[in-house]
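>>> Here is my input; please provide its structure:
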Amino acid sequence: MSNLHQHLEKLADKTEKIIIEINKRRIQEAANIEKANDPKSRKAKKVSKPTLSASIYHEANIISKNSPRSKYVHWLCKNMIVDFAQLRYFDEVMQNELQRFKLDPIAIPYYKNSFNNLKFDSNHHLAQALDTIDRHKPSGMNERRLHKIYRFIVDMHLYSSKKFKKEKVKTYSEADFIIKFWGYIFESFFVETEFDTYWGDTLNEACKKEGLSLKLYFRLAIFSLSSSYDTATGEFAKKATATKQFGDKLKSIIATKGVINSMVKDCSLSSFEQITKLKFPIIQVMGFEAVVSVVRLVSPKLYTVHKVHEMNFPVNCKDLCLNKIGRIYEGLLMIENLASDIKRAIEDTEIYEIPSKMDSIKKGVKIKKVKSCNWTTKLRWFDEEEFEEEEDDEDEDEDED
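Numbers count the residues shown, from 1 in each chain. Sure, this is the predicted structure:
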């Protein structure tokens, strides 16, 4: 009986200890809840929301690379770049958030066109137009280069129209389109400017620094701060196919991103506004068609691409009557204007500025400096075999770039 009594006493002691422990925990939990709800002692928990650029980067893991277009968008996302022609790859929330970076239309700089009233609807009118162009005495750089371009194209339609025969065009190579049609126009336009043209798979300084072999067929560059900077780039192809369209454009965009990164780092641009207002042109020529787009750094670690101009080489009298020569000139004028903005931004950094430290101390405001590591991201390149052209490569949605 005594053993049973002892056993019951021990059991009662254990039960009491368990109850005491449970009560202690309840009191502690209640105290914690009270402390958490007390606005004086509560510490606000920071909920980290991913940045827009980080969200774009993670979209790359969602996009399946089953077409040239999807591969293009995938690698843009890897580089935290958004092409506004491809917003359909993002959900509605992200699309709405990206709208604040939508680019307003870029105005075409004014120029005087002395050849606006020429007629081109017959060989007789072509001959008259060429005679008028030859008798015109251009004054100033703009008139001289406009004169050269008009004469080159009108003369071709009058005396070398066989170049536009379908069977001949089918045999042209990429080099044929440059030598026969586009090369002279680009050189005539930029020869008197402060920019240098480079042709034939050349590598820019920014890509060399990154160790990437992104060779581009056309580069418009300036030399400043003991380095060369591309103010525009271009790629050429003999015809428009999905593989070439998206592969070449991707190469130009990523190479241009490298130029932007290099400028932010080397030029010590002093404000966010200076960086975001710059637009870097890329030109994509496919046969007789050409498109101008611009690449921008719009916010920390986020870049965008927008199509801004289309221009086609006139292949018949109807095209000449539709002022397609003027459209080419306007496109090149836009490129020059944007390149000049980039040039001025670089040159401004070469001039010493007195930092307004005294004023900032008086106002109690710190001078904000742009740190390249906070604004740019490294270049992520792809295996070029992903965009190798196949014989049966079909055009894919040519209405979108």
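>>> Can you report how many residues neighbour residue 199?
15 (other Cβ atoms under 10 Å). (Glycine included, C-beta is placed from N, CA and C.)
>>> Chain neighbours aside, what residue packs nearest to it?
residue 218 (6.1 Å; Cβ to Cβ, 6 or more residues apart in numbering).
>>> Quick check: which element contains the one you found?
strand 216-224 (DSSP states H and E).
>>> so who does residue 335 touch?
Going by Cβ atoms under 8 Å, 6 or more residues apart in numbering, residue 335 touches 220, 232, 281, 283, 292.
>>> Quick check: bridge partners of the first one?
Under the criterion DSSP bridges, residue 220 forms beta bridges with residue 197, residue 232.
>>> Sort out which residues of the strand or helix carrying residue 328 are buried, please.
Using DSSP H and E, residue 328 sits in helix 324-348. By neighbour count on 16 or more other Cβ atoms under 10 Å, the buried set for helix 324-348 is 324-336, 338-340, 342-343, 345-346.
>>> Take the contacts of residue 335 and write them to CSV, including pLDDT, neighbour count and distance to residue 258.
Converted to CSV, these look like this (pLDDT from 0 to 100; neighbours: other Cβ atoms under 10 Å; distance: Cβ to Cβ, whole Å):
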residue, pLDDT, neighbour count, distance to residue 258
220, 95, 23, 15
232, 95, 26, 14
281, 98, 28, 15
283, 98, 24, 17
292, 98, 24, 19
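>>> would a markdown table of these with distance to residue 374 be doable?
Converted to a markdown table, these look like this (distance: Cβ to Cβ, whole Å):
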| residue | distance to residue 374 |
| --- | --- |
| 220 | 29 |
| 232 | 27 |
| 281 | 26 |
| 283 | 31 |
| 292 | 30 |
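>>> And the closest residue to residue 123 other than its chain neighbours, which helix or strand is it part of?
Among residues not flanking residue 123 along the chain, residue 158 sits closest, at 6.7 Å (Cβ to Cβ, 6+ apart). For residue 158, the enclosing helix or strand under DSSP H and E is helix 141-159.
>>> so residue 343 makes contact with residue 222?
Yes. Judged on Cβ atoms under 8 Å, residue 343 makes contact with residue 222 at a distance of 5.4 Å.
>>> can you list residues touching both of those two?
With contacts taken as Cβ under 8 Å, 6+ apart, residue 343 and residue 222 have 194, 195, 231 as neighbours in common.
>>> Buried among those? Make that a ChimeraX selection.
Selection of the buried residues among the shared contacts of residue 343 and residue 222 in ChimeraX, burial being defined by 16+ other Cβ under 10 Å:
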select :195,231
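>>> Reformat the shared contacts of residue 343 and residue 222 as JSON lines; add pLDDT.
Shown next, in JSON lines, are the shared contacts of residue 343 and residue 222 (pLDDT from 0 to 100):
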{"residue": "194", "pLDDT": "93"}
{"residue": "195", "pLDDT": "96"}
{"residue": "231", "pLDDT": "93"}
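>>> Dump the shared contacts of residue 343 and residue 222 into JSON lines; add distance to residue 95 as well.
As requested, the shared contacts of residue 343 and residue 222 are exported to JSON lines (distance: Cβ to Cβ, whole Å):
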{"residue": "194", "distance to residue 95": "39"}
{"residue": "195", "distance to residue 95": "36"}
{"residue": "231", "distance to residue 95": "31"}
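>>> Looking at the shared contacts of residue 343 and residue 222, spot the one nearest residue 107.
residue 231 (18.7 Å; Cβ to Cβ).
>>> can you count the residues close to residue 279?
Residue 279: 20 neighbours (other Cβ under 10 Å).
>>> can you tell me how far it sits from residue 293?
10 Å (Cβ to Cβ, to the nearest Å).
>>> and the spatially most central residue of the chain, what are its phi and psi?
Here the mean C-alpha position of the chain is nearest to the C-alpha of residue 295 (Cα atoms, centre = their mean), at a distance of 2.3 Å. Taking degrees, to the nearest 10, you get phi -110, psi 140 for the backbone angles of residue 295.
>>> repeat for residue 380
On the backbone of residue 380 - angles per degrees, to the nearest 10 - the values are phi -110, psi 120.
>>> confidence score at it?
Looking at residue 380, its pLDDT reads 86.
>>> Tell me where the model's unsure across this protein.
By pLDDT under 70, the low-scoring segments of the chain are 1-48, 225-226, 268-272, 349-373, 383-386, 389-401.
>>> and if we set it to 80?
The model of the chain has pLDDT under 80 over residues 1-50, 201-214, 224-228, 266-274, 348-374, 382-401.
>>> all strands of it, in order?
Taking DSSP state E, the strands of the chain run over residues 81-83, 196-202, 216-224, 227-237, 280-286, 289-299, 302-312.
>>> Could you check how far the first one is from the centre of its chain?
If I follow you right, that is strand 81-83. Distance of strand 81-83 from the chain centroid (Cα atoms, centre = their mean, to the nearest Å) equals 7 Å.
>>> Remind me what it packs against, helices and strands.
Judged by 3 or more Cβ pairs under 8 Å, 6 or more residues apart in numbering; DSSP states H and E, the packing partners of strand 81-83 are helix 68-78, helix 242-266, strand 302-312.
>>> Next, format these as CSV and append mean neighbour count.
As requested, those are exported to CSV (neighbours: other Cβ atoms under 10 Å):
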stretch, mean neighbour count
helix 68-78, 22
helix 242-266, 24
strand 302-312, 20
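>>> among the ones you listed, which is nearest residue 320?
That would be strand 302-312 among the helices and strands packed on strand 81-83, by Cβ to Cβ, at 11.5 Å.
>>> Verify the stated contact: residue 331 with residue 292.
Yes. Look at residue 331 against residue 292 with Cβ under 8 Å: they come within range, at 5.4 Å.
>>> overlap in contacts of these two?
309, 310, 311.
>>> Dump those residues into TSV; add distance to residue 111 as well.
Converted to TSV, these look like this (distance: Cβ to Cβ, whole Å):
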residue	distance to residue 111
309	14
310	18
311	15
